[in-house]
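> below is the sequence, then the predicted model.
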Amino acid sequence: MKIDCIGLGCDECCRRYWITLFPEGAKRIAEEIKGPLKKFIEKSCVLIAHIYPKHGKPDGLTINSELLPRRLADFAGKEMQAVPPHFLVLPSLALKRNSSGECVFLSGGKCRIHSSAPAICKLFPFVALSKRPLKELYPFCKAVHGKAPESKTGELDKKQRARVNKYFDSVEEQGFTKLWKRLPTKAVVLLEGEKDLFISKREFLQLIQPML
Ligand code: SF4
Ligand code: SF4
């Protein structure tokens, strides 16, 4: 959600997605809500691992499909036509969502942490890995509906991609638990950016074992 979305009467992207955080973004939110980072992480965040089929040579962010925790292997088997030999695993933290799927910071159609909201919130709808047109990717988004040219895609720009790559390079080089000294207790896996499954913290740590 951007500030002008309030004028459009829309808060749809705050109701549909897991909002991924990076360490500096988590610190900014904790400062805005004037509480300790530890409390913010415990109360308002979940562990999240985006997983995608890995094509090409395995690297430090890749796990062998045979090493998936059992429940996750069953889930992937059910959701995918063919389970690949490897998965790319991208671990981070995300903002919690309530039982209706809304971000916990959405209140009365407004964002309670607007000035420190994660970059992904302010960039939406330019947040996709897909080259598909915006109107096709996000038919519900009033900011693009009727305004965006048919050919405009939702891809992240080079600068944002570089920021995301820098974070995952740090995960690979330094380890997830060095970057995130505090971890939430709840965890979720997002398969190919669409299907999610709640897992335990133990299963999450098993999944990201090579990156700990
Ligand atoms: S942090 Fe704010 S802008 Fe981002 S999803 Fe939550 S309510 Fe929406
Ligand atoms: S879905 Fe589009 S119009 Fe609606 S809040 Fe998000 S960015 Fe704004």
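Done, it's in. Ligands and ions are numbered 1, 2, ... in the order given.
> which other helices and strands contact the lengthiest helix in the chain?
Determined from DSSP state H, the single longest helix within the chain is helix 158-174. Where contact means 3 or more C-beta pairs under 8 Å, 6 or more residues apart in numbering; DSSP states H and E, helix 158-174 is packed against strand 86-95, helix 119-123, helix 176-179. For every residue, glycine as well, the C-beta is placed using N, CA and C.
> who does the longest one touch, helix- and strand-wise?
Spelled out, that is strand 86-95. Partner elements for strand 86-95 (3+ C-beta pairs under 8 Å, 6+ apart): strand 20-21, strand 45-53, strand 62-64, helix 158-174, helix 201-207.
> what do you get for the second one?
Taking 3+ C-beta pairs under 8 Å, 6+ apart as contact, the helices and strands that helix 119-123 lies on are helix 158-174.
> buried residues of the helix it packs on, list them for me.
Within helix 158-174, the residues that count as buried by 16 or more other C-beta atoms under 10 Å are 164, 167-168, 171.
> residue 63: which of these is nearest?
Nearest to residue 63 out of the buried residues of helix 158-174 is residue 171 (C-beta to C-beta; 13.2 Å).
> could I get the contacting residues of that closest one?
61, 91, 179, 211 (C-beta atoms under 8 Å, 6 or more residues apart in numbering).
> who in this protein is up against ligand 2?
By the rule C-beta under 6 Å from any ligand atom, the part of the chain lying against ligand 2 is 1-2, 5, 8, 10-13, 124-125, 141-143.
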